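Asks: For reference, the sequence and a predicted model appear below.
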Amino acid sequence: MTPLAQERSKLTDRYQTTVPRGVRKQLKLGKGDEIAYCIEPSGRVYIEPMRSGEKDPALAAFLDFLEADIQTHPERLRAFDGGLRDRLAGLVGEIEIDLDEPLSPEDE
């Protein structure tokens with residue numbers, strides 16, 4: 001397969017690099033955007049933009065682990081009791097939390 005274009009970048013002493021302009025343009029990347037690295041068994045690496053709503057690979061792996069553990073050991077499940085709720089409430093004191101309230105721009 002003939003590539004559409006070839007771009008290069010150099011690693012710094014801290015293994016950092018700048019995504020070349022042509023790649024940023026093709027992937028429609030902007031400042032603060034995230035990219036995912038997809039590695040094939042052959043060693044070929046692709047980068048893809050992470051768009052909002054996409055799965056976080058670390059979270060997906062953790063949730064898969066939890067699911068397998070629950071299926072393997074259902075006897076380990078425990079009901080959420082009032083004592084734990086009270087202990088957690090003691091950690092935050094009188095702070096009111098509205099889980100439906102949108103985050104402020106600095107918290108996003």
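Replies: Thanks, I have the structure now. As the structure is a computational prediction, the values presented were derived from the model and not from experiment.
Asks: can you list contacts of the longest helix along the chain?
Replies: What stands out as the longest helix in the chain, according to DSSP state H, is helix 57-72. When contacts are taken as Cβ atoms under 8 Å, 6 or more residues apart in numbering, the neighbours of helix 57-72 outside the stretch itself are Ala36, Arg76, Leu77. C-betas here are computed from N, CA, C, even on glycine.
Asks: For the first one, give its distance to Ser52.
Replies: Computed as Cβ to Cβ, to the nearest Å, the Ala36 to Ser52 distance reads 13 Å.
Asks: Which element is encountered next along the chain beyond the longest helix of the chain?
Replies: Taking DSSP states H and E as the definition, the helix or strand that follows helix 57-72 towards the C-terminus is helix 82-92.
Asks: just to revisit the earlier point, with neighbour count and pLDDT added, can I get the contacts of helix 57-72 in JSON lines?
Replies: Supplementary listing: these in JSON lines, determined by neighbours: other Cβ atoms under 10 Å; pLDDT from 0 to 100:
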{"residue": "Ala36", "neighbour count": "14", "pLDDT": "88"}
{"residue": "Arg76", "neighbour count": "8", "pLDDT": "91"}
{"residue": "Leu77", "neighbour count": "8", "pLDDT": "89"}
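Asks: Columns distance to Ala61 on top of these, output as CSV?
Replies: Written out in CSV, the entries for these read as follows (distance: Cβ to Cβ, whole Å):
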residue, distance to Ala61
Ala36, 13
Arg76, 20
Leu77, 21
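Asks: If we only consider those residues, which is nearest to Gly43?
Replies: For these, the residue nearest Gly43 by Cβ to Cβ is Ala36; the value is 17.0 Å.
Asks: The closest one and Asp56 touch, don't they?
Replies: No: in terms of Cβ atoms under 8 Å, Ala36 does not count as a neighbour of Asp56; the distance is 9.5 Å.
Asks: I am finished for the moment; much appreciated.
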